[in-house]
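# Turn this into a structure:
(chains A and B)
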Number of protein chains: 2
Amino acid sequence: MPTIENRLKAYIETLPESKLKAAMAYALLGGGKRIRPMLGMTLLESKGVDPTPYIEAFLAVEMIHTYSLIHDDLPAMDDDTLRRGKPTVHIAFDEAIAILAGDALLTDSFRLVTQNKYLSTLQKVEIIDIISSKAGSTGMVFGQIKDIESEDKMVTIEDLNLMYELKTANLIQASLMIAGVILSDHDIKSYEDLGYYIGLIFQIQDDILEYTLSPEEFGKSKSDDIRNKPTYVSLLGLDKANQVLNTYVDTLNTLIESLYIKDTVIHTQIKLLLNRRK
Amino acid sequence: MPTIENRLKAYIETLPESKLKAAMAYALLGGGKRIRPMLGMTLLESKGVDPTPYIEAFLAVEMIHTYSLIHDDLPAMDDDTLRRGKPTVHIAFDEAIAILAGDALLTDSFRLVTQNKYLSTLQKVEIIDIISSKAGSTGMVFGQIKDIESEDKMVTIEDLNLMYELKTANLIQASLMIAGVILSDHDIKSYEDLGYYIGLIFQIQDDILEYTLSPEEFGKSKSDDIRNKPTYVSLLGLDKANQVLNTYVDTLNTLIESLYIKDTVIHTQIKLLLNRRK
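Coordinates of the predicted model:
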């Protein structure tokens, strides 16, 4: 979606020249799939609302996603040297700059919301509340800690669900709930549920693909961040994992019907995301 | 100020049990002087407004200050093992948890503002805009990068001023400007100036004290984070540094008069902060 790239570039252009700007540009404009902003924006489109005036609210979610990748890749965390086929930020720059670039993207994301000219002040407050709640100590960051803490423990399927919810679903939920705020829709809880199932299904599919495909087919190295970690397949076995997956897909489809977004542009978007067979 | 400590504790109590919560509590309740919230809150008091209902807006600034200390102390940054006489967060816990505790404090700080029951929605948006602008890629984080980039370069007194403004003055400015928002005061620019001079004077005094006192008198080890770094004294010499300091103190006093806060509680607070002769 060229608008997303252009607006992210425009934001980067406002920054003073420094290694910080360079690192932020490197991470933010480095070819992300923009899954999170796309979902919220296509939800608006599906409801007949042009998302363009409100785009900053969705970019904020993308910036938070990007910061979380930068920090996750750090040596003290997952210690990844490659991301999207390119050196990670702390390799291309250095660790200090990677930490700070993440901090800056996170902090600035809230300002993208406050500075938007089309959202009402109440919408801005609601959106910032959603973002900080889904990204902070009860959301995404909590998921990272759960992940770390799970390494020395027996993990149940409930633990894994919570981790997937926190680490993956939460930012998808944020984007869809932001759309709900803009729609002045009383059904925000349903959008939250929608994001929950999209995130969970995506992760369970990942677990299954990881198990059934060769590393080459799977497309990412099999994998520094998944190896030795519990997955749906390792906890339930392949058959049961597929069975649970199908239940969730059914629930998702029911939700899509009840939200009157079947066969709309967000439905297409969801299918693109979840019909990966590679 | 017991209210600040109690409210910070109350916030920590809302978090789910984990190492994240423990690390956040360790850092946030670890005996900070609360300079930044105190300045904004006593400004309100000086203008006859009880700050208590709005305290979360000032705690947000303290949380951002705390996150910045956690990340600054990391091995890839200043590599400090002690802070306020206790092991730094990455020593007491580990690096991954320190990174995440900082991320969580930063993210949650915005939610403290959105969840406050006494600020208007417009005030919340203005406050969040101020905080993210003063803390982000054009504020405090930019100051950290300037600091890092200055290590291999000739630094001018203008560079040093900008660094002190970004790294120290910016969060003081944020707190005072937040008070300005709550006062619905059109003089927010003057409060921003006030914060600028408080921050700068504090840093220049630090440079002078560091030079004139023995390490024991100075009270902190002479100093991992100042050693070999340019200071007012190293750039201007002691006499000239004192001279510039006095000019700034004069400007500050003029500002204090013009803002009608002379001999009020914030004036006392400023004097407590700046009349250190340890």
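
# among the helices and strands of chain A, which has the poorest mean pLDDT?
Here the helix or strand of chain A ranked lowest by mean pLDDT, DSSP states H and E is helix A:215-218, holding a mean of 63.

# Test my guess that residue A:210 contacts residue A:231.
Yes: assessed by CB atoms under 8 Å, residue A:210 is found in contact with residue A:231 at 6.7 Å. In this view, the C-beta of every residue, glycine as well, is placed from N, C-alpha and C.

# still on that earlier bit, same question for the next helix or strand after the least confident helix or strand of chain A, mean pLDDT?
The helix or strand immediately downstream of helix A:215-218 is helix A:232-236, counting by DSSP states H and E. For helix A:232-236, mean pLDDT rounds to 94.

# Would you mind writing the CA trace of stretch A:12-24 as PDB?
Below are the C-alpha coordinates for stretch A:12-24, written out as PDB (Å, rounded to 0.1, in the frame of the first residue of the first chain):
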ATOM      1  CA  ILE A  12      11.200   9.800   8.900                       C
ATOM      2  CA  GLU A  13      11.900  12.900   6.900                       C
ATOM      3  CA  THR A  14      10.800  15.200   9.800                       C
ATOM      4  CA  LEU A  15      13.600  13.800  12.000                       C
ATOM      5  CA  PRO A  16      16.900  15.600  12.500                       C
ATOM      6  CA  GLU A  17      19.900  14.000  10.800                       C
ATOM      7  CA  SER A  18      21.700  11.500  12.900                       C
ATOM      8  CA  LYS A  19      22.500   7.800  13.300                       C
ATOM      9  CA  LEU A  20      19.200   7.600  15.100                       C
ATOM     10  CA  LYS A  21      17.200   8.700  12.000                       C
ATOM     11  CA  ALA A  22      19.300   6.400   9.800                       C
ATOM     12  CA  ALA A  23      18.600   3.400  12.100                       C
ATOM     13  CA  MET A  24      14.900   4.300  12.400                       C
END
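
# Could you count how many residues lie near the closest residue to residue A:81 other than its chain neighbours?
Leaving aside its sequence neighbours, residue A:81 sits nearest to residue A:91 (CB to CB, 6 or more residues apart in numbering or on different chains; 5.2 Å). Counted with other CB atoms under 10 Å in any protein chain shown, residues neighbouring residue A:91 total 16.

# how about the strands in chain A?
Assigned by DSSP state E, chain A shows strands spanning A:82-83, A:86-87.

# Which strands border the last one, and is each parallel or antiparallel?
Strand A:86-87 has the following strand partners under DSSP bridges: strand A:82-83 (antiparallel).

# and residue A:41, what is it in contact with?
Residues in contact with residue A:41 (CB atoms under 8 Å, 6 or more residues apart in numbering or on different chains) are A:1, A:4, A:51, A:55, A:58, A:175, A:179.

# run the last query once more with 7 Å
Residues in contact with residue A:41 (CB atoms under 7 Å, 6 or more residues apart in numbering or on different chains) are A:51, A:58.

# picking that back up, let me know whether the residue nearest to residue A:81 touches residue A:80 as I believe.
No: between residue A:91 and residue A:80 there is no contact under CB atoms under 7 Å: 8.8 Å.

# returning to that earlier point: select, out of the strands of chain A, the one closest to residue B:238.
Among the strands of chain A, the nearest to residue B:238 by CB to CB is strand A:86-87 (45.9 Å).

# Quick one: mean pLDDT for that closest one?
Across strand A:86-87, pLDDT averages out at 96.

# now the helices: where do they sit in the stretch 101-250 of chain A?
Secondary structure of the stretch 101-250 of chain A (DSSP state H, counting those that start in this stretch): helices at A:121-135, A:140-150, A:157-164, A:170-182, A:188-212, A:215-218, A:232-236, A:238-258.

# Same list, those, but as JSON lines with mean neighbour count and distance to residue B:267 please.
Shown next, in JSON lines, are the helices of the stretch 101-250 of chain A (neighbours: other CB atoms under 10 Å in any protein chain shown; distance: least, CB to CB, whole Å):
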{"stretch": "helix A:121-135", "mean neighbour count": "23", "distance to residue B:267": "33"}
{"stretch": "helix A:140-150", "mean neighbour count": "22", "distance to residue B:267": "39"}
{"stretch": "helix A:157-164", "mean neighbour count": "18", "distance to residue B:267": "51"}
{"stretch": "helix A:170-182", "mean neighbour count": "28", "distance to residue B:267": "43"}
{"stretch": "helix A:188-212", "mean neighbour count": "20", "distance to residue B:267": "47"}
{"stretch": "helix A:215-218", "mean neighbour count": "12", "distance to residue B:267": "65"}
{"stretch": "helix A:232-236", "mean neighbour count": "19", "distance to residue B:267": "62"}
{"stretch": "helix A:238-258", "mean neighbour count": "15", "distance to residue B:267": "59"}
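
# Mean pLDDT lowest where, among the ones you listed?
Ranked by mean pLDDT, the helices of the stretch 101-250 of chain A bottom out at helix A:215-218, which scores a mean of 63.
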